[in-house]
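Novice: fold the following, please.
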Amino acid sequence: MADRLTHIYTKTGDNGETSLGNGQRVKKNSVRVECLGSIDELNSIIGLILTEAVHEKIKTTLTEIQHDLFNIGGELSIPSHKLLDSQRVDFLEIELDEMNQKLPPLKEFILPGGSKPAALAHVARTVCRRAERNCINLKEIEEINSSSLYYLNRLSDFLFVLARTLNQENNVPDTLWKRS
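Specialist: Numbering: from 1, shown residues only. Next up is the predicted model:
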């Protein structure tokens, strides 16, 4: 593979613009760039979860998710480009169902937290929801891959179930919300 990033700084963004993957210049505060930033932030938080002691199966799944998020970022950086398909949404649903089967039924809302890996999964879940909202905002003004939106929706559910799973694996009970 050839060197892709020979210079890290280019100075081309000093005035508040950046280049998309197709060379198009856009404002750094555009909806598209906001989507890219949210996806990048989510991917970084998942990377943080991977620094914790989690089962190999979870590590493998989270690493696949990171690759999928990079693909979504690739789509967002090149308008009309599609990398993610519905099979990746199916993958998430299978993983989610498998994890959820091992958990006790949830009868109340739970508070984010518990073990450190679970708390990180809750943070990832909230960033995923923001990324999804940002992408919905973008879809209102430009076409984007629907599979990517479905993926983000399933991913937030996956991250919620992951948090519960990580608490269970660490023998930390979920904290149920107490109604006032």
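Novice: for the closest residue to Asp174 other than its chain neighbours, give the beta-bridge partners.
Specialist: Leaving aside its sequence neighbours, Asp174 sits nearest to Ile110 (C-beta to C-beta, 6 or more residues apart in numbering; 4.3 Å). (Glycine included, C-beta is placed from N, CA and C.) Counting by DSSP bridges, Ile110 is bridged to Leu176.
Novice: who's in contact with Ile110?
Specialist: By C-beta atoms under 8 Å, 6 or more residues apart in numbering, the contact set of Ile110 is 164, 174-177.
Novice: ok, so of those, who is nearest His122?
Specialist: The closest of the contacts of Ile110 to His122 turns out to be Arg164 (C-beta to C-beta; 9.7 Å).
Novice: quick one: that closest one and Pro117 touch, right?
Specialist: No. Contact criterion C-beta atoms under 8 Å: Arg164 and Pro117 do not qualify, at 11.4 Å.
Novice: higher neighbour count, those two?
Specialist: Pro117 (24 against 21; other C-beta atoms under 10 Å).
Novice: what does whichever helix or strand that one is part of rub up against?
Specialist: Element membership of Pro117, judged by DSSP states H and E, is helix 116-139. The contact list for helix 116-139 (C-beta under 8 Å, 6+ apart) reads 31-32, 34-35, 38-39, 41-42, 45-46, 48-49, 52-54, 76, 112-113, 144, 148-149, 152-153, 155-156, 159-160, 162-164, 166-167, 170, 172.
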